[in-house]
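S.K.: no sequence for this one, just the structure:
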């Protein structure tokens with residue numbers, strides 16, 4: 001079954017001192033996820049509001065795409081990638097073909113170009129080498145406060161050794177080994193459900209780039225569909241790969 005890859009070029013403007021709506025939109029990844037959800041309206045919602053004139057209601061967009069385990073049959077992953085000169089693109093990998101025309105019908109000013117969408121159905125063999133990029137929420141669980149409950153997640157210390165260890169463990173579960181790690185950039189991503197200043201959260205972000213070698217093609221296919229690590233609703237976990245040239 002094919003998945004779909006979308007490229008959304010955000011209109012960030014040419015002057016970083018004069019933010020465009022697209023640049024402001026990217027500052028809160030919760031709003032980015034919310035807008036992307038609008039690309040998957042239910043048939044009932046689309047039938048009742050084909051021009052997107054009614055207010056956004058999460059239940060009109062959620063079934064099969066939001067608050068579900070990501071697989072080849074359901075859900076989507078995304079990642080905001082910076083480009084040169086302050087530009088940015090959002091990559092979306094989804095089980096179903098999105099309707100970006102609907103999602104941006106009342107917000108076309110956020111994009112600098114028409115979205116590009118293509119079907120994607122990769123196949124792999126053990127031993128193959130591929131280039132990869134992953135933005136991950138590198139966290140670990142600590143001891144629970146109460147017996148019988150999961151411990152809270154805390155950021156992995158941002159040292160090269162600890163961040164590399166985190167990726168190596170995840171890679172083993174995802175069916176690949178690290179051939180070369182060429183970039184490892186720690187930082188934070190901001191999200192807030194409220195417009196009130198100070199109500200948001202900073203999430204640990206690490207951008208990994210390098211070359212991987214496939215060990216278990218089935219496990220890698222599953223990891224590509226389901227993502228790696230937590231916080232997938234906030235732009236983490238999408239593993240992008242490309243042939244080594």
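M.R.: Great, that's in hand. Keep in mind it's a predicted model, so treat the numbers as computed, not measured. Residues are numbered from 1 along each chain as shown.
S.K.: longest strand of the protein?
M.R.: strand 176-191 (DSSP state E).
S.K.: listing partners with orientation, what would you give for that one?
M.R.: Counting by DSSP bridges, the strands paired with strand 176-191 are strand 201-214 (antiparallel).
S.K.: got the contact list for the residue nearest to the spatial centre of the chain?
M.R.: In the chain, the residue lying closest to the centroid (C-alpha atoms, centre = their mean) is residue 78, at 2.6 Å. By C-beta atoms under 8 Å, 6 or more residues apart in numbering, residue 78 lies in contact with 32, 33, 36, 90, 91, 92, 93, 235, 238. Yep, even glycine has a C-beta here, placed from its N, CA and C like the rest.
S.K.: hmm, which two among those are most spread apart?
M.R.: 32 and 93 (14.7 Å; C-beta to C-beta).
S.K.: ranges for the helices of the protein?
M.R.: Shown for the chain, the helices assigned by DSSP state H span residues 21-26, 29-37, 43-48, 100-103, 160-173, 217-226.
S.K.: would you turn those into JSON lines with distance to residue 68, mean pLDDT and mean neighbour count?
M.R.: Shown next, in JSON lines, are the helices of the chain (distance: least, C-beta to C-beta, whole Å; pLDDT from 0 to 100; neighbours: other C-beta atoms under 10 Å):
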{"stretch": "helix 21-26", "distance to residue 68": "24", "mean pLDDT": "90", "mean neighbour count": "18"}
{"stretch": "helix 29-37", "distance to residue 68": "12", "mean pLDDT": "94", "mean neighbour count": "20"}
{"stretch": "helix 43-48", "distance to residue 68": "17", "mean pLDDT": "89", "mean neighbour count": "12"}
{"stretch": "helix 100-103", "distance to residue 68": "18", "mean pLDDT": "95", "mean neighbour count": "19"}
{"stretch": "helix 160-173", "distance to residue 68": "21", "mean pLDDT": "96", "mean neighbour count": "15"}
{"stretch": "helix 217-226", "distance to residue 68": "11", "mean pLDDT": "95", "mean neighbour count": "18"}
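S.K.: of those helices, give the one that comes closest to residue 4.
M.R.: Of these, nearest to residue 4 by C-beta to C-beta is helix 100-103, at 10.7 Å.
S.K.: sorry, back to before: mind listing what's buried along the longest strand of the chain?
M.R.: For strand 176-191, the neighbour count (16 or more other C-beta atoms under 10 Å) marks 176, 178, 181, 184, 186, 189, 191 as buried.
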